[in-house]
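In: Here you go, sequence then predicted model.
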Amino acid sequence: MMLAGQPRGYAMALTKNTEDVIARARHGDPEAFRLIFERYARPILSFIYDLVGQRELAEDLTQEAFVRAYRGLHALRDEARLSTWLFGIARNVARESFRSRPKDNRKVEMDDDQVTRLKDDKLLPDGQLLNRELNGVIHEALEKLDEDKRVVFALKVFQQHSYEEIAAITGFSIPKLKTDLHRAKAEMRRRIRPYLEVNHEM
């Protein structure tokens with residue numbers, strides 16, 4: 001999900017001022033934590049949406065992620081890792097929600113930006129329009145990816161993060177991430193292709 005004013009692959013480097021904000025937030029300054037929230041809320045919401053696929057749920061989980069971050073900020077030892085730390089919390093919150101929901105309540109709403117990313121990665125042909133049936137096909141393909149593959153797929157394809165950033169978020173090695181992404185793309189192509197072939201023949 002693309003949100004205005006926050007490009008994908010945004011710079012994660014922290015300024016000295018931001019480090020001061022983190023220190024103030026650690027000591028209970030609510031205004032300082034509000035600044036952290038305003039800086040990272042959009043990319044965190046975007047990532048959670050990519051994983052859970054439901055806008056209202058993603059907004060609720062984003063709030064939950066920042067509540068956890070506020071309560072656990074004292075445990076952050078390296079200010080330069082704030083962004084990857086927040087993404088790690090977001091990943092855990094989304095994972096817990098996904099596991100707790102009944103399968104019939106996991107319907108994902110794809111958006112145009114996600115479809116564009118799938119085209120960029122040659123998972124969908126140029127000119128392919130999103131419709132309800134294709135939405136369902138893509139969702140089913142995403143849902144059937146195992147958890148590790150779904151996370152790396154969302155972070156790399158939809159969020160456009162580097163492997164180094166994804167490794168910091170997930171704790172996985174870069175070779176594992178590359179293998180998981182390769183397999184995730186192969187599985188997505190295998191599940192989406194029959195729909196595209198049938199509709200191309202019509």
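Out: That came through, no problem.
In: Got phi/psi on residue 144?
Out: Note on residue 144: its backbone torsions stand at phi -80, psi -10 [degrees, to the nearest 10].
In: ah, wrong one, I meant residue 54
Out: Backbone torsions of residue 54, given as degrees, to the nearest 10, read phi -130, psi 120.
In: To what extent is it buried, counted in neighbours?
Out: Other residues near residue 54 number 18, with proximity taken as other CB atoms under 10 Å. Quick note: C-beta positions are derived from backbone N, CA and C, even for glycine.
In: Which of the helices and strands in this structure ranks last by mean pLDDT?
Out: helix 112-120 (a mean of 70; mean pLDDT, DSSP states H and E).
In: Neighbours of the nearest residue to residue 19 once chain neighbours are set aside, how many?
Out: Once flanking residues are discounted, residue 19 sits nearest to residue 79: 4.5 Å by CB to CB, 6 or more residues apart in numbering. Residues near residue 79, counting by other CB under 10 Å, number 16.
In: same question, residue 82
Out: 22.
In: hang on, residue 144 packs against residue 190?
Out: No: because the distance of 10.2 Å does not satisfy CB atoms under 8 Å, residue 144 is recorded as not touching residue 190.
In: domain parsing for the protein?
Out: Here the domain parsing of the chain from automatic domain parsing is 9-107, 109-202.
In: Show me what the mean pLDDT comes to for stretch 176-196.
Out: Rounded to a whole number, the mean pLDDT of stretch 176-196 is 92.
In: Using PDB, list the CA coordinates for that stretch.
Out: Listed next in PDB are the C-alpha coordinates belonging to stretch 176-196 (Å, rounded to 0.1, in the frame of the first residue of the first chain):
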ATOM      1  CA  LYS A 176      18.100 -17.600   3.100                       C
ATOM      2  CA  LEU A 177      16.200 -14.500   2.100                       C
ATOM      3  CA  LYS A 178      17.300 -14.900  -1.500                       C
ATOM      4  CA  THR A 179      16.300 -18.500  -1.500                       C
ATOM      5  CA  ASP A 180      12.900 -17.800   0.100                       C
ATOM      6  CA  LEU A 181      12.200 -15.000  -2.300                       C
ATOM      7  CA  HIS A 182      13.100 -17.100  -5.300                       C
ATOM      8  CA  ARG A 183      10.800 -19.900  -4.100                       C
ATOM      9  CA  ALA A 184       8.000 -17.400  -3.200                       C
ATOM     10  CA  LYS A 185       8.100 -15.900  -6.700                       C
ATOM     11  CA  ALA A 186       8.100 -19.400  -8.300                       C
ATOM     12  CA  GLU A 187       5.100 -20.400  -6.200                       C
ATOM     13  CA  MET A 188       3.200 -17.200  -7.000                       C
ATOM     14  CA  ARG A 189       3.800 -17.700 -10.700                       C
ATOM     15  CA  ARG A 190       2.700 -21.300 -10.500                       C
ATOM     16  CA  ARG A 191      -0.600 -20.400  -8.800                       C
ATOM     17  CA  ILE A 192      -1.400 -17.200 -10.800                       C
ATOM     18  CA  ARG A 193      -0.500 -18.600 -14.300                       C
ATOM     19  CA  PRO A 194      -3.500 -20.900 -14.800                       C
ATOM     20  CA  TYR A 195      -5.900 -17.900 -14.200                       C
ATOM     21  CA  LEU A 196      -4.000 -15.800 -16.700                       C
END
